[in-house]
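Asker: Test case, fold it:
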Amino acid sequence: MRLNPEELIDNLQKKPYATRVKILWGSIIVVALILVFVWILGLRSTIGHLDTADLIKTPTKTLNNSTPVNYGQVEWAQSDAGGLKIFFNFNNQTQDILNVPALSNISLDINGSAVTPIKITDRQGNPFVQKVLSHTQNFGILVFPRTPDGTGSLTFDQMFFELFPDRLLSQEIDIDLKKLEKTGKLRN
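Answerer: Residues are numbered from 1 along each chain as shown. This next block holds a predicted model:
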């Protein structure tokens, strides 16, 4: 006995409505069970091939203190009647979030006298970010009171990473204001 699809459909159409609905729901349940069975087999195969050693990578709680801290960079400086503007950037190439120091933890030491900045903004004049996200670079401007030209250092103190809030970082950048004002490097 050979099943002809046309005869099968004709036979189903001749059955009462209640019987056709029962056959429809029975077919849907059988197909759903087959799909669930195939899905479970695939899931078991996937789980069986997982490398559980690298399933969850947690960051290690070590920070090498011997590595120099080099997240802030000074690009150039501009001196006018309003004071001294130092154009800088923070480049965070780590997997963690870098917390930028507060205004009171930034100092400029020129010719032996320490000066704290009046304000810190981004290049558009908005408040500078407090956190530099991982793999990002933020550009800003430090505004100091009028300062005589000379050499010295800019210090960013009390920086830290989100995963290591108890390990404070400090970076000191040697600067020469005469050279920085003459070389107004523009970033691309």
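
Asker: use CA for all of it now, contacts and neighbours both
Answerer: Noted.

Asker: Would you map the helices across the protein?
Answerer: For the chain, the helices defined by DSSP state H occupy 5-14, 17-48, 177-182.

Asker: Export the ones you listed as a markdown table, with columns for distance to residue 159, mean neighbour count and mean pLDDT.
Answerer: Converted to a markdown table, the helices of the chain look like this (distance: least, Cα to Cα, whole Å; neighbours: other Cα atoms under 10 Å; pLDDT from 0 to 100):
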| stretch | distance to residue 159 | mean neighbour count | mean pLDDT |
| --- | --- | --- | --- |
| helix 5-14 | 76 | 10 | 90 |
| helix 17-48 | 42 | 12 | 94 |
| helix 177-182 | 24 | 16 | 73 |
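
Asker: I'd guessed residue 121 sits against residue 142; true?
Answerer: Yes. With contact defined as Cα atoms under 8 Å, residue 121 reaches residue 142; the gap is 6.7 Å.

Asker: which of these two has more neighbours?
Answerer: Using other Cα atoms under 10 Å as the criterion, residue 121 and residue 142 rank with residue 142 on top: 21 against 16.

Asker: Now do the contacts for the more buried one.
Answerer: Residue 142 sits next to 85-88, 117-121 when contact means Cα atoms under 8 Å, 6 or more residues apart in numbering.

Asker: Strands - which of those land there?
Answerer: Among the contacts of residue 142, the residues falling in strands (DSSP state E) are 85-88, 119-121.

Asker: is it possible to export these to TSV including distance to residue 107 and pLDDT?
Answerer: Compiled in TSV, the ones in strands among the contacts of residue 142 are given as follows (distance: Cα to Cα, whole Å; pLDDT from 0 to 100):
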residue	distance to residue 107	pLDDT
85	13	88
86	12	87
87	14	89
88	14	89
119	12	88
120	12	90
121	15	89
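
Asker: Pull the most distant pair out of the residues you listed.
Answerer: The span of the ones in strands among the contacts of residue 142, defined through Cα to Cα, is set by 88 and 119 at 13.2 Å.

Asker: tally of neighbours for residue 147?
Answerer: For residue 147, the count of nearby residues is 18 (other Cα under 10 Å).

Asker: Can you report how many residues lie near the residue nearest to it when sequence neighbours are not counted?
Answerer: Closest residue to residue 147 apart from its sequence neighbours, by Cα to Cα, 6 or more residues apart in numbering: residue 84 at 6.4 Å. Neighbour count of residue 84, defined by other Cα under 10 Å: 22.

Asker: Among the ones in strands among the contacts of residue 142, the buried ones, what's the ChimeraX command?
Answerer: Buried members of these can be picked out in ChimeraX with the line below, counting by 16 or more other Cα atoms under 10 Å:
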select :85,86,87,88,120,121
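
Asker: That'll do, ta.
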